[in-house]
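1. coordinates only, sequence not included:
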């Protein structure tokens with residue numbers, strides 16, 4: 001790669017204003033991740049809209065299958081999509097289009113009334129939104145190198161991750177207090193009616209507006225990169241030809257620098273473990289450690305605060321000692337805290353060691369992104385983050401499967417922690433075998 005091509009990719013937008021604009025997209029993305037997909041609208045679909053669904057298949061099953069199908073589509077499209085964004089010089093344009101389509105799908109959820117006849121509309125929109133959101137994350141992550149230098153990439157990545165956590169906290173509290181809290185036919189501080197699920201449908205509109213407004217700064221402040229010759233043939237390739245280019249690049253990568261391939265595999269493993277911590281944390285809090293159902297939201301807020309602060313702090317160390325050491329230390333600390341949780345009981349100890357676990361989730365996630373950004377050849381960041389998404393989807397069954405298996409084998413919900421620890425440990429072991437990325 002020529003110095004001229006490197007200069008066209010690295011640090012082209014490094015002012016504080018541009019870094020802040022980039023991070024605000026992460027702040028807004030919590031509207032889809034936290035509100036739509038995880039805590040609010042998905043629950044409304046399964047427990048409200050599909051509550052009286054006729055037939056032997058539950059709404060929860062249909063929901064899981066629709067999200068799973070979306071994951072397959074993402075895994076297939078992600079690597080060639082990122083490759084095409086890079087080669088054609090349409091990274092920012094693609095981010096704008098995909099974010100816009102995500103916002104449209106979120107706004108469309110307003111029309112999903114509390115009636116099982118609307119379940120299918122909700123599932124289609126949610127699956128479409130998942131696909132568009134994950135594809136939008138590819139050019140967004142690829143921009144990391146544009147808004148940073150080799151000396152501050154860890155700080156910038158940590159800032160972005162923390163903005164995502166804090167944005168989720170703020171929006172969830174607004175939704176809960178303003179639209180959801182209370183009992184009866186009206187909810188929240190705004191006194192919204194629950195007839196036809198109107199209060200939750202308005203949450204979807206708020207989330208769509210939140211994401212749309214948050215996406216504007218990065219589109220205005222961060223410049224579009226010109227197309228480069230970093231990936232010969234990719235710019236003119238059609239969809240099917242793009243896969244040929246991808247396989248060619250992977251063969252060349254295997255010969256030239258296998259670290260990238262090894263890291264993609266290792267990160268897929270430990271990232272699934274990290275996801276499992278948040279996925280099953282609330283379940284364990286109530287069923288094992290005696291946390292009240294009303295206090296779970298408070299723990300979720302505290303967990304996100306810890307993860308966000310951890311991501312910011314780790315960014316400093318990432319730039320000083322490298323992302324590998326940050327990830328190794330974070331995973332080791334999480335495994336130790338998880339082992340302790342296997343043997344303690346009571347709400348207090350869960351709060352202490354559960355928050356320790358969450359404190360190190362943010363650093364591991366943020367430094368994983370900088371690790372790959374340092375490995376990616378300049379001009380091919382989109383392709384690499386597309387592969388990052390694909391490998392993550394490929395093993396996303398591991399943590400849920402092992403969690404359930406350990407619960408079944410030991411006949412105790414607490415044992416599920418052991419399944420998560422196995423995934424984290426295997427990911428850590430795989431990472432230890434990967435050479436650290438070069439700083440420049």
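-> Done, it's in. Here the structure is a predicted model, which is why all the values come from computation and not from measurement.

2. Now for residue 178, how many residues are close by?
-> 18 (other Cβ atoms under 10 Å). Every residue, glycine included, has its C-beta placed from N, CA and C.

3. what does residue 258 give?
-> By other Cβ under 10 Å, neighbour count at residue 258 equals 12.

4. how far away is it from residue 94?
-> Distance from residue 258 to residue 94, counting by Cβ to Cβ, to the nearest Å: 29 Å.

5. For the stretch 151-300 of the chain, which segments count as helices?
-> 153-175, 198-221, 239-256, 259-287, 296-321 (DSSP state H, counting those that start in this stretch).

6. Give the rounded mean pLDDT of the fourth one.
-> It refers to helix 259-287. For helix 259-287, mean pLDDT rounds to 87.

7. Which neighbouring elements make contact with that helix?
-> For helix 259-287, the helices and strands in contact under the criterion 3 or more Cβ pairs under 8 Å, 6 or more residues apart in numbering; DSSP states H and E are helix 239-256, helix 296-321, helix 323-343, helix 347-375, helix 381-394, helix 398-410, helix 416-432.

8. So which of these has the densest surroundings on average?
-> Most buried of these, by mean neighbour count (mean count of other Cβ atoms under 10 Å): helix 381-394, with a mean of 25.

9. So for residue 22, which of the helices and strands packed on helix 259-287 sits nearest?
-> helix 347-375 (12.4 Å; Cβ to Cβ).

10. about what we covered before: export the helices and strands packed on helix 259-287 as TSV, with columns for mean pLDDT.
-> Below are the helices and strands packed on helix 259-287 laid out as TSV (pLDDT from 0 to 100):
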stretch	mean pLDDT
helix 239-256	83
helix 296-321	89
helix 323-343	95
helix 347-375	93
helix 381-394	89
helix 398-410	89
helix 416-432	95
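
11. Span of stretch 282-291 from start to end?
-> 9 Å (Cα to Cα, to the nearest Å).

12. oh, I was asking about stretch 252-267
-> 21 Å.

13. so residue 425 makes contact with residue 335?
-> Yes - using Cβ atoms under 8 Å, residue 425 makes contact with residue 335 at a distance of 6.0 Å.

14. quick one on the thing from earlier: of all the helices and strands packed on helix 259-287, which one comes closest to residue 38?
-> Across the helices and strands packed on helix 259-287, closest to residue 38 is helix 296-321 (Cβ to Cβ), at 9.7 Å.

15. which other helices and strands contact the closest one?
-> Short answer (3+ Cβ pairs under 8 Å, 6+ apart): helix 296-321 packs on helix 153-175, helix 259-287, helix 323-343, helix 347-375.

16. Same list as before, those that is, but in JSON lines and with distance to residue 110 included.
-> As requested, those are arranged in JSON lines below (distance: least, Cβ to Cβ, whole Å):
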{"stretch": "helix 153-175", "distance to residue 110": "14"}
{"stretch": "helix 259-287", "distance to residue 110": "27"}
{"stretch": "helix 323-343", "distance to residue 110": "39"}
{"stretch": "helix 347-375", "distance to residue 110": "31"}
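
17. Nearest approach to residue 68 belongs to which of these?
-> Going by Cβ to Cβ, the one of the helices and strands packed on helix 296-321 nearest residue 68 is helix 259-287, 14.3 Å.

18. So for that closest one, what gets flagged as buried?
-> By 16 or more other Cβ atoms under 10 Å, the buried positions in helix 259-287 come out as 259-278, 280-282, 284-285.

19. relative orientation of the helix or strand containing residue 120 and helix 153-175 in degrees?
-> If you go by DSSP states H and E, residue 120 is part of helix 119-142. With axes from the mean of the first three to the mean of the last three Cα atoms, to 10 degrees as the basis, helix 119-142 and helix 153-175 are set at 150 degrees to each other.

20. For residue 269, give its distance to residue 92.
-> Taken as Cβ to Cβ, the span from residue 269 to residue 92 is 32 Å.

21. do residue 405 as well
-> Going from residue 405 to residue 92 by Cβ to Cβ gives 44 Å.

22. As TSV, the helices and strands packed on helix 259-287 with distance to residue 155 would be great.
-> Formatted as TSV, the helices and strands packed on helix 259-287 follow (distance: least, Cβ to Cβ, whole Å):
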stretch	distance to residue 155
helix 239-256	28
helix 296-321	4
helix 323-343	12
helix 347-375	9
helix 381-394	18
helix 398-410	29
helix 416-432	22
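
23. Those: which one's closest to residue 179?
-> helix 296-321 (13.8 Å).

24. which sections of the stretch 101-250 of the chain are below the confidence cut-off?
-> For the stretch 101-250 of the chain, applying pLDDT under 70 flags the ranges 228-235.

25. Now do the buried residues in stretch 196-207.
-> 197-204, 206-207.

26. Show the contacting residues for residue 123.
-> Residue 123 sits next to 45, 62-63, 66 when contact means Cβ atoms under 8 Å, 6 or more residues apart in numbering.

27. Among those residues, find me the one that's closest to residue 177.
-> Checking those one by one against residue 177 (Cβ to Cβ), the nearest turns out to be residue 45, at 22.1 Å.

28. rewinding a little: dump the helices of the stretch 151-300 of the chain into CSV; add distance to residue 75 as well.
-> Compiled in CSV, those are given as follows (distance: least, Cβ to Cβ, whole Å):
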stretch, distance to residue 75
helix 153-175, 22
helix 198-221, 23
helix 239-256, 13
helix 259-287, 11
helix 296-321, 26
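
29. Run a quick neighbour tally on residue 72.
-> The burial count for residue 72: 11, using other Cβ under 10 Å.

30. who touches the closest residue to it other than its chain neighbours in this structure?
-> Spatial nearest neighbour of residue 72, chain neighbours left out: residue 393 (7.6 Å); criterion: Cβ to Cβ, 6 or more residues apart in numbering. Counting by Cβ under 8 Å, 6+ apart, residue 393 makes contact with 71-72, 74-75, 78.

31. again, only using 10 Å
-> The contact partners of residue 393, by Cβ atoms under 10 Å, 6 or more residues apart in numbering, come to 68, 70-76, 78, 134, 268, 272.

32. now swap in residue 305 and tell me
-> 162, 165-166, 169, 355, 358-359, 362.

33. for residue 257, same thing?
-> 375, 377, 435, 437-438.

34. follow-up on the earlier one: which of the contacts of residue 393 sits closest to residue 174?
-> Using Cβ to Cβ, the contacts of residue 393 come closest to residue 174 at residue 134, 24.8 Å.

35. measure the closest one to residue 166 for me?
-> 21 Å.

36. The two - which one has more neighbours?
-> Neighbour totals were compared for residue 134 and residue 166, and residue 134 leads with 24 against 20 (other Cβ under 10 Å).

37. Hmm, residue 101 and that one touching each other?
-> No - counting by Cβ atoms under 10 Å, residue 101 is not a contact partner of residue 134; they are 11.8 Å apart.

38. This completes my enquiry, with thanks.
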